[in-house]
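Asker: Quick one, structure for this:
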Amino acid sequence: MKTDTNKKPPFRADQVGSFLRPQALKEARAKHQAGQIPKAELRAVEDAEIVKLVEKQKAAGLTAVTDGEFRRTWWHLDFIEALHGIEVFDLDAAGLFHGAMNKAKGYTVASKLGFPADHPFLADFAFLKQAAGDHVAKFTIPGPNMIFYSGVINSQKYADHPAYPSLEEAAKDIVQVYRDAIRAFYEAGCRYLQLDDTSWGALFSDGFREKIKAKGYDPDELMKTFADITIDAVAEKPEDMAVTIHICRGNFKSSWLYDGGYEPIAKELFSRVNVDGFFLEYDSDRAGDFKPLRHIQNQRVVLGLVTTKTGEMEDVEDIKRRVREASEYVPLEQLCLSPQCGFASTEEGNAVAEQDQWNKLGLVVAAAKEIWD
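Answerer: Residues are numbered from 1 along each chain as shown. Coordinates of the predicted model:
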């Protein structure tokens, strides 16, 4: 099989982004929360641990490196709460993630949305880019429908006190927030941005579709709106910037949120949304088969065949077999390989050992070389 000559992301061996937090970082964060050390001292520890992490990713053979989301408590909330117009509140977590979660925060759109010019993630990216050196600095942020779904459609606070006269007006400003964000990251030197999005999972999970209907919305109509918002959000991205989207089923302490295959959303998402690649979870039977990939156009598809939820190692021959199966629907040259999600979507992390994540990433790199080299 021929060597990958396309140097634009996503890459043959790629990753979703988050890593288990090292003990030194956990201790520093606990001290900061207890008022024992200032923010500057915590950030110095974060800086040092991110530099170590970047070097480990390089040594593992990855082309794109991330900061592991080491500065975040949650994969999504830290970005969203720094936007203009967002209100964050404590949420009853009872039953979430099959009982694994005992604390949670929700958010709602409380006033006019906007992307601040001094959003803290811009400085976080600048540090990562410097640490990355000649490697590609990949940065992750939650996708626009995380705001539209969780902050508008699925928010009782928003229903009680809507910040916009219509859903269309809310969607328009969400799109502008992301256009401004993409432009700001590009100007900071970002050429590989990933939009993480669990909201699409609610549209292929039967249980959540029923909940959406109970709120008075049509899941199939929402599907078109989700696609429209994403398409418009990335419409002005520069040609030399890759934007991908990770469709996640939820990832908290090795538990999940959504069940179901991609078929219900495949046509709207894969045939219409103009991102450079889709990161898709295919690590369990809950994800269904590869048939929905028939709707893929010219985007790359990053197959998440290696799970981050357990330390058990996959068999390389099984991975190669499944890639061949996927290539019946998408040309092999458009396929890539990655873990199904990050290793720590929240600071708690999944139930895997630190060495497990490096073993898993090593497997992704090795399998990719066998398949495409």
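Asker: low-scoring stretches of this protein, by residue?
Answerer: Scanning the chain for pLDDT under 70 picks out 1-6, 92-103, 249-260, 284-287.
Asker: all strands of the stretch 251-373 of the chain, in order?
Answerer: 277-281, 300-306, 335-339 (DSSP state E, counting those that start in this stretch).
Asker: The longest one - contacts with which helices or strands?
Answerer: Put plainly, it is strand 300-306. For strand 300-306, the packing partners by 3 or more CB pairs under 8 Å, 6 or more residues apart in numbering; DSSP states H and E come out as strand 277-281, helix 316-326, strand 335-339, helix 354-372. (Glycine included, C-beta is placed from N, CA and C.)
Asker: Make JSON lines out of these and add mean neighbour count and distance to Arg294.
Answerer: Output for these, formatted as JSON lines (neighbours: other CB atoms under 10 Å; distance: least, CB to CB, whole Å):
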{"stretch": "strand 277-281", "mean neighbour count": "26", "distance to Arg294": "13"}
{"stretch": "helix 316-326", "mean neighbour count": "15", "distance to Arg294": "11"}
{"stretch": "strand 335-339", "mean neighbour count": "26", "distance to Arg294": "14"}
{"stretch": "helix 354-372", "mean neighbour count": "19", "distance to Arg294": "21"}
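Asker: how about a markdown table for the ones you listed, with distance to Ile147 added?
Answerer: Shown next, in a markdown table, are the helices and strands packed on strand 300-306 (distance: least, CB to CB, whole Å):
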| stretch | distance to Ile147 |
| --- | --- |
| strand 277-281 | 20 |
| helix 316-326 | 31 |
| strand 335-339 | 25 |
| helix 354-372 | 29 |
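Asker: got JSON lines for the strands of the stretch 251-373 of the chain, with distance to Val45 too?
Answerer: JSON lines is the format used below for the strands of the stretch 251-373 of the chain (distance: least, CB to CB, whole Å):
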{"stretch": "strand 277-281", "distance to Val45": "29"}
{"stretch": "strand 300-306", "distance to Val45": "29"}
{"stretch": "strand 335-339", "distance to Val45": "26"}
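Asker: Of the helices and strands packed on strand 300-306, which is nearest Tyr192?
Answerer: Among these, the nearest to Tyr192 by CB to CB is strand 277-281 (10.1 Å).
Asker: what are the pairing partners of that closest one, and which direction each?
Answerer: strand 242-247 (parallel), strand 300-306 (parallel) (DSSP bridges).
Asker: Show residues contacting that strand.
Answerer: 9-10, 14, 16, 194, 242, 244-249, 262, 269-270, 287, 296, 299-304, 336, 338, 340-341 (CB atoms under 8 Å, 6 or more residues apart in numbering).
Asker: need the helices for the stretch 101-250 of the chain, in chain order.
Answerer: 120-132, 145-148, 156-160, 167-187, 201-204, 206-214, 219-233 (DSSP state H, counting those that start in this stretch).
Asker: For the ones you listed, state which one has the densest average packing.
Answerer: Using mean count of other CB atoms under 10 Å, the stretch among the helices of the stretch 101-250 of the chain with the largest mean neighbour count is helix 145-148, at a mean of 26.
Asker: Send over that helix as PDB, restricted to the C-alpha atoms.
Answerer: Taking C-alpha atoms only, helix 145-148 is exported to PDB below (Å, rounded to 0.1, in the frame of the first residue of the first chain):
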ATOM      1  CA  ASN A 145     -23.900  22.600  18.400                       C
ATOM      2  CA  MET A 146     -22.700  22.100  22.000                       C
ATOM      3  CA  ILE A 147     -24.000  25.600  22.600                       C
ATOM      4  CA  PHE A 148     -27.100  25.300  20.400                       C
END
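Asker: didn't Gly61 look like it was pressed against Trp358?
Answerer: No: using CB atoms under 8 Å as the test, Gly61 is too far from Trp358 to be in contact (10.8 Å).
Asker: Pull up the gap between Thr198 and Pro331, please.
Answerer: Taking CB to CB, to the nearest Å as the measure, Thr198 falls 28 Å from Pro331.
Asker: how much space is there between the closest residue to Phe121 other than its chain neighbours and Leu335?
Answerer: Nearest non-adjacent residue to Phe121, counting by CB to CB, 6 or more residues apart in numbering: Phe79, 5.8 Å away. Per CB to CB, Phe79 is found 29 Å from Leu335.
Asker: End to end on stretch 228-248, go ahead and measure it.
Answerer: 19 Å (CA to CA, to the nearest Å).
Asker: List the buried residues in that stretch.
Answerer: Across stretch 228-248, burial judged by 16 or more other CB atoms under 10 Å covers 228-230, 232-234, 237, 241-248.
Asker: how about the closest residue to Thr225 other than its chain neighbours, what does it touch?
Answerer: What sits nearest to Thr225 in space, not counting adjacent residues and going by CB to CB, 6+ apart, is Ala171, at 6.7 Å. Ala171 makes contact with Phe148, Thr225, Asp228, Ile229, according to CB under 8 Å, 6+ apart.
Asker: Ala184 is nearest to which of the strands of the stretch 251-373 of the chain?
Answerer: Using CB to CB, the strands of the stretch 251-373 of the chain put strand 277-281 closest to Ala184, at 21.6 Å.
Asker: In PDB, could you pull the C-alpha coordinates for that closest one?
Answerer: Provided in PDB are the C-alpha atoms of strand 277-281 (Å, rounded to 0.1, in the frame of the first residue of the first chain):
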ATOM      1  CA  GLY A 277     -12.300  15.000   8.400                       C
ATOM      2  CA  PHE A 278     -14.500  13.100  10.800                       C
ATOM      3  CA  PHE A 279     -13.200  11.400  13.900                       C
ATOM      4  CA  LEU A 280     -15.700   8.500  14.400                       C
ATOM      5  CA  GLU A 281     -15.900   6.100  17.400                       C
END
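Asker: No further queries at this time; thank you.
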